[in-house]
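Participant: Could you look at this predicted model? Sequence included:
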Amino acid sequence: MSTPHNAAVKGDFAKKVLMPGDPLRAKFIAENYLENAKLVTTVRNMLGYTGTYKGEPVSVMGAGMGMPSMGIYSYELFHEYDVDCIIRIGSAGAMQDSLKLMDVIVAAGACTDSNYAQQFGLPGTFAPIADFELAQRAVQIAAEQNTDIVVGNVLSTDVFYTLDPTVNDKWRRMGVLAVEMECAALYMNAAYAGKKALGLLTVSDHLYTGEELSAEDRQLGFRKMMEIALEI
């Protein structure tokens, strides 16, 4: 049966789902990479498709912006649609000097300023991490494709326009590679469901140098990330 946020029925989604934030990026992947892609949901214009890639079933669906949105869609995919693996493919703002534009980050762990974990009632602090096998495979594929890749910790934040001008310096001091807004919720949902998750992020801008990708460069850089995710 469908959910309040997803018009698909059980069986419409493949076991593996790629999740960009932007539903139009999901549409781009379906139209340019998948064979026999079928539109399976359009609720709230959060487009979802299922097709095949090199003969293997793959779905792609938008996740929206922020952990509440990712939390809803990934929860439903894991629990209502029997999805086994979700790979987030998104952008991130770099914090470390060693990172350059269009580097692909494997988010091995996701620090967060969110209260998302409170719902689980844990007697301590949960550390959201990626599935190791997915992360390892992503590194191998990136090497085969000659794509620069970095593995490490990212920050999943609830606040895009922060009023604290020192906050980035504090996370940077702890070695956090970059900031984004969804991985922590995805990793917690995967852990709770006993499923697999991975965040692949393309550096679209640098918080300290002020550099940012042009629209054309974003397209090229994001294609590299998409192709790694599809090959996993």
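Facilitator: Received, thanks. Everything quoted here is computed from the prediction, not taken from an experiment. Residues are numbered from 1 along each chain as shown.

Participant: Report the buried residues of the helix or strand of the chain at the bottom of the mean pLDDT ranking.
Facilitator: Within the chain, confidence by mean pLDDT, DSSP states H and E is lowest for helix 215-231 among all helices and strands, at a mean of 88. By 16 or more other Cβ atoms under 10 Å, the buried positions in helix 215-231 come out as 218, 221-222, 224-230. Every C-beta, even on glycine, is put in place using the N, C-alpha and C of the backbone.

Participant: Adding distance to residue 195, write those residues out as a markdown table.
Facilitator: Formatted as a markdown table, those follow (distance: Cβ to Cβ, whole Å):
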| residue | distance to residue 195 |
| --- | --- |
| 218 | 29 |
| 221 | 28 |
| 222 | 25 |
| 224 | 26 |
| 225 | 21 |
| 226 | 21 |
| 227 | 23 |
| 228 | 20 |
| 229 | 16 |
| 230 | 19 |
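
Participant: what's across from the spatially most central residue of the chain in the sheet?
Facilitator: Nearest to the geometric centre of the chain sits residue 88, at 2.0 Å (Cα atoms, centre = their mean). Residue 88 has the following beta-bridge partners by DSSP bridges: residue 19, residue 199.

Participant: remind me which residues of the chain are low pLDDT?
Facilitator: Low-confidence segments of the chain (pLDDT under 70): 219.

Participant: rerun that using 90 as the cut-off
Facilitator: 1-2, 214-221 (pLDDT under 90).

Participant: those helices in it, which residues are they?
Facilitator: 23-32, 67-80, 132-144, 167-173, 183-193, 215-231 (DSSP state H).

Participant: Which among these is found nearest to residue 113?
Facilitator: helix 167-173 (8.2 Å; Cβ to Cβ).

Participant: Check which residues of that closest one are buried.
Facilitator: 168, 171-172.

Participant: what do you get for stretch 65-77?
Facilitator: Under 16+ other Cβ under 10 Å, the buried positions of stretch 65-77 are 66-67, 69-77.

Participant: got a list of contacts for that stretch?
Facilitator: Residues outside stretch 65-77 that contact it (Cβ atoms under 8 Å, 6 or more residues apart in numbering): 3, 5-6, 13, 17, 19, 21, 46, 61-64, 83, 86, 88, 112, 114, 116, 156, 158, 181-182, 184-186, 189-190, 193, 197.

Participant: returning to what we had before: what's the least confident helix or strand of the chain packed up against?
Facilitator: Applying 3 or more Cβ pairs under 8 Å, 6 or more residues apart in numbering; DSSP states H and E, one finds that helix 215-231 makes contact with strand 16-19, helix 23-32, strand 85-94, strand 104-112, helix 132-144, strand 196-206.

Participant: Packed most tightly, which of those would that be?
Facilitator: Sort those by mean neighbour count, taking mean count of other Cβ atoms under 10 Å, and strand 16-19 sits at the top with a mean of 26.

Participant: of the buried residues of helix 167-173, closest to residue 108?
Facilitator: Nearest to residue 108 among the buried residues of helix 167-173 is residue 171, at 15.3 Å by Cβ to Cβ.
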